[in-house]
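K.L.:
Next input, structure requested:
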Amino acid sequence: MKKYNLRFSITIASLILLFLSCTENSTEKANKFKVEDSQVVFFVEDSSLNIIVDSLLQITFASPIEGLLQSEPLFSTIIVNSAAEVTDELNKQKNVLQVIKIISSTTEDINSQSLEKDFLLSVYWKNDIKKLYEKLKKLMLIVEKKELKLIRKSFSRNSQKNIQTTLLKNFGVKTVIPKKYKTEIESDDLFLATYDSPDKDEIKKICIFSFNYDKTDLSTQVLANVDSVFKTYFIGEEKGTYVTIEKNLPVLYNNSIYRGLWKLKGGFMGGVFIIKTYKVSSKITVCVGFVFDPANTKRMHVKEFEAIL
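P.N.:
Sure, this is the predicted structure:
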């Protein structure tokens, strides 16, 4: 898959000064960032706290993404103990999303005026692991939201605007359809587009449709309609094969997103899907992101679909 760049800025010199002086905010600046391996750097002044911080990161920033067959962390995390190490990481990594400094202090507030825009954030704590955990959990949600906005903005620069206008008219949702997707079906009832990588064994699909619903057990209706669309339009190369939702593992639902696995009925393929739903007038609009990429991790695919659908 072609890698895409997200740009934000901070000068290395000013970053070091900010760390050393413990000032509040840094300024965003153009710095190439690759979501495929998005990094969050944690600057912990007291190295004796590394084990504690790492343990907390395993249940916050580095916690597993739901709905994947193999465990993948939400973010790649790096712990460093000096400003010089931060500089080294920024020089080595072109995909640092956030730097978070953990400071031993009695101050209670996260040090920021506009959290989503800041490249450097400071967290204060004083021997209270529970409070540090709560602050990291809060920051994780902020950084996750920031990343999705950056991904969406990146794809929006080179997207299929005419199709997006039609989808808004037909289904009432604002989506971003990247240029690399080829439209297969575009009607008032269904939109289906596919990206088939010319370089490797990777297929991604975006599917959007709507249905009339009753107010009983919406999840069952959503999954039944998705499964029906899979069976009808996601057909395998061999006769009689089609895609279906994997029933032997649960489809997870959290924050208005369904996450699950699909398999090829009568075949040997499988992969990940996510579903986002929107209530539009008397209907439910369903946006599905579908991926087959057996040789690679799925983290960036999932984040891409979350951002653009």
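
K.L.:
residues in contact with the nearest residue to Glu306 once chain neighbours are set aside?
P.N.:
Distance criterion CB to CB, 6 or more residues apart in numbering; nearest residue to Glu306, sequence neighbours excluded, is Leu148 at 5.8 Å. All C-beta spots, glycine's among them, are computed from the backbone N, C-alpha and C. Contact analysis of Leu148 by CB atoms under 8 Å, 6 or more residues apart in numbering lists Lys303, Glu306, Ala307.

K.L.:
OK, contacts around the first one?
P.N.:
Looking back up the chat, that one is Lys303. Contacts of Lys303 by CB under 8 Å, 6+ apart are Val35, Ser38, Glu147, Leu148, Ile151.

K.L.:
check which helix or strand covers it.
P.N.:
helix 299-308 (DSSP states H and E).

K.L.:
Please identify the buried residues of that helix?
P.N.:
Arg299, Met300, His301, Val302, Lys303, Glu304, Phe305, Glu306, Ala307, Ile308 (16 or more other CB atoms under 10 Å).

K.L.:
quick one: the fourth one from Leu218, how far?
P.N.:
From Val302 over to Leu218 the distance is 22 Å, taken as CB to CB, to the nearest Å.

K.L.:
follow-up on the earlier one: and the residue nearest to Glu306, that's in a helix?
P.N.:
Yes. Read with DSSP: H, G, I helix; E, B strand; the rest coil, Leu148 is one of the residues of a helix.

K.L.:
Give me the distance between it and Ile129.
P.N.:
For Leu148, the distance to Ile129 - CB to CB - is 29 Å.

K.L.:
do the same with Met269
P.N.:
Counting by CB to CB, the gap from Met269 to Ile129 is 45 Å.

K.L.:
the more surrounded of these two?
P.N.:
Each of Met269 and Ile129 has its neighbours counted (other CB atoms under 10 Å); Met269 has more, 16 against 13.

K.L.:
Could you tell me what pLDDT the model assigned to that one?
P.N.:
pLDDT recorded at Met269 is 91.

K.L.:
Excluding covalently adjacent residues, which one is nearest to it?
P.N.:
Phe292 (6.0 Å).

K.L.:
check contacts around that neighbour.
P.N.:
Taking CB under 8 Å, 6+ apart, one finds Asp201, Glu202, Ile203, Lys204, Met269, Gly270, Gly271 in contact with Phe292.

K.L.:
buried subset of those residues?
P.N.:
Counted by 16+ other CB under 10 Å, the contacts of Phe292 give Glu202, Lys204, Met269, Gly271 as buried.

K.L.:
Perfect, that will be all.
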